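Participant: What follows is a protein structure lacking sequence information:
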């Protein structure tokens, strides 16, 4: 089945720094999604990408759908303490009616005030 | 925006008993609902996919007799953990997919079996 490699596994940064994380896939996806999960909560959608090459922003967050359709990155600019959490990428493989998502293993972000 | 309600948020039960977890899409019709399990510091593991009115499709290695899924309507799916054992303790999360709403996750259920 599809595999997603998400890196880095964890990051420790100072408040105000920029953050970058990425996911690569062994196969093509037609949708890339980025989620944030706080402890004890379900994931919350941050950004959805539907087209190869698409670059989308949501406030301080920017994500891109790689041209090869096998990768995506998420950038967070000027981090703040509430950015702490686990960030997951997820992809939906090409194939139309298949709704299943494949998740990366997550990036644990710690922001020191 | 799309909202998915999951209840209970946490439950403690005795070994051998059954526990039911509900997942409701509050403001949209969910053609498909998904159930995930998550261990501490790990990613989400898909357990099963359910479509309204049909049997759930279970992922490899997931016991369908142990994790009963019912998707009785376009807004409600339930997961019943039958004859629970301590190794079933985990964080269970549902998500619902609508035609226009994409994937929305519930807030999760922390199950502890003692």
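Facilitator: Sure thing, it's come through. Worth saying up front: this structure is predicted, and the values here are computed from it rather than measured.
Participant: any weak-confidence spans in chain B?
Facilitator: Low-confidence regions of chain B, defined by pLDDT under 70, are absent; no residue qualifies.
Participant: what are the ranges of the strands in it?
Facilitator: For chain B, applying DSSP state E gives strands covering B:4-7, B:10-13, B:19-25, B:32-38, B:44-51, B:57-58, B:67-73, B:76-81, B:90-98, B:102-105, B:109-113.
Participant: nearest to chain A, of those strands?
Facilitator: Nearest to chain A among those is strand B:102-105 (3.7 Å), distances taken as Cβ to the nearest Cβ. Using the backbone N, CA and C atoms, a C-beta is placed for each residue, glycine as well.
Participant: Paired strands for that closest one, with orientation please.
Facilitator: strand B:90-98 (antiparallel) (DSSP bridges).
Participant: The strand it pairs with to strand B:109-113, inter-axis angle?
Facilitator: 150 degrees (axes from the mean of the first three to the mean of the last three Cα atoms, to 10 degrees).
Participant: Can you name the residues in contact with strand B:90-98?
Facilitator: A:40, A:42-43, A:99, B:2, B:4, B:6, B:21, B:23, B:25, B:28-40, B:44, B:77, B:79, B:81, B:103-106, B:108-111 (Cβ atoms under 8 Å, 6 or more residues apart in numbering or on different chains).
Participant: how close does residue A:91 sit to chain B?
Facilitator: Between residue A:91 and chain B the distance, using Cβ to the nearest Cβ, to the nearest Å, works out to 12 Å.
Participant: That residue contacts residue A:34, doesn't it?
Facilitator: No - with the criterion set as Cβ atoms under 8 Å, residue A:91 and residue A:34 do not qualify as a contacting pair; they are 10.3 Å apart.
Participant: quick one, which of the two is more surrounded?
Facilitator: Between residue A:91 and residue A:34, counted using other Cβ atoms under 10 Å in any protein chain shown, the more crowded position is residue A:91 (27 against 24).
Participant: Report the separation between the more buried one and residue A:76.
Facilitator: To residue A:76, residue A:91 is 20 Å away according to Cβ to Cβ, to the nearest Å.
Participant: what number of residues lie near whichever residue of chain A sits closest to chain B?
Facilitator: Taking Cβ to the nearest Cβ as the measure, the point where chain A comes nearest chain B is residue A:42, at 3.7 Å. Counted by other Cβ under 10 Å, the residues lying close to residue A:42 total 23.
Participant: Can you tell me the SS state at it?
Facilitator: Secondary structure state of residue A:42, per DSSP: H, G, I helix; E, B strand; the rest coil, is coil.
Participant: what's the answer for the one 3 residues further on, then?
Facilitator: Here residue A:45 is recorded as strand under three-state DSSP.
Participant: partner residues bridging it?
Facilitator: Taking DSSP bridges, one obtains residue A:35 as the residues bridged to residue A:45.
Participant: How about the residue of chain A closest to chain B: what's its closest non-neighbour residue?
Facilitator: Once its chain neighbours are removed from consideration, residue A:42 has its nearest residue in residue B:105; the separation is 3.7 Å (Cβ to Cβ, 6 or more residues apart in numbering or on different chains).
Participant: hang on, the one you found packs against residue A:38?
Facilitator: No - checked against Cβ under 8 Å, the pair residue B:105 and residue A:38 is beyond contact range at 11.7 Å.
Participant: Quickly list what's touching both of the two.
Facilitator: Common contacts of residue B:105 and residue A:38, defined by Cβ under 8 Å, 6+ apart, comprise residue A:44.
Participant: So for those two, which sits in the more crowded spot?
Facilitator: For residue B:105 and residue A:38, the more surrounded residue by other Cβ under 10 Å is residue B:105, and the numbers stand at 22 against 13.
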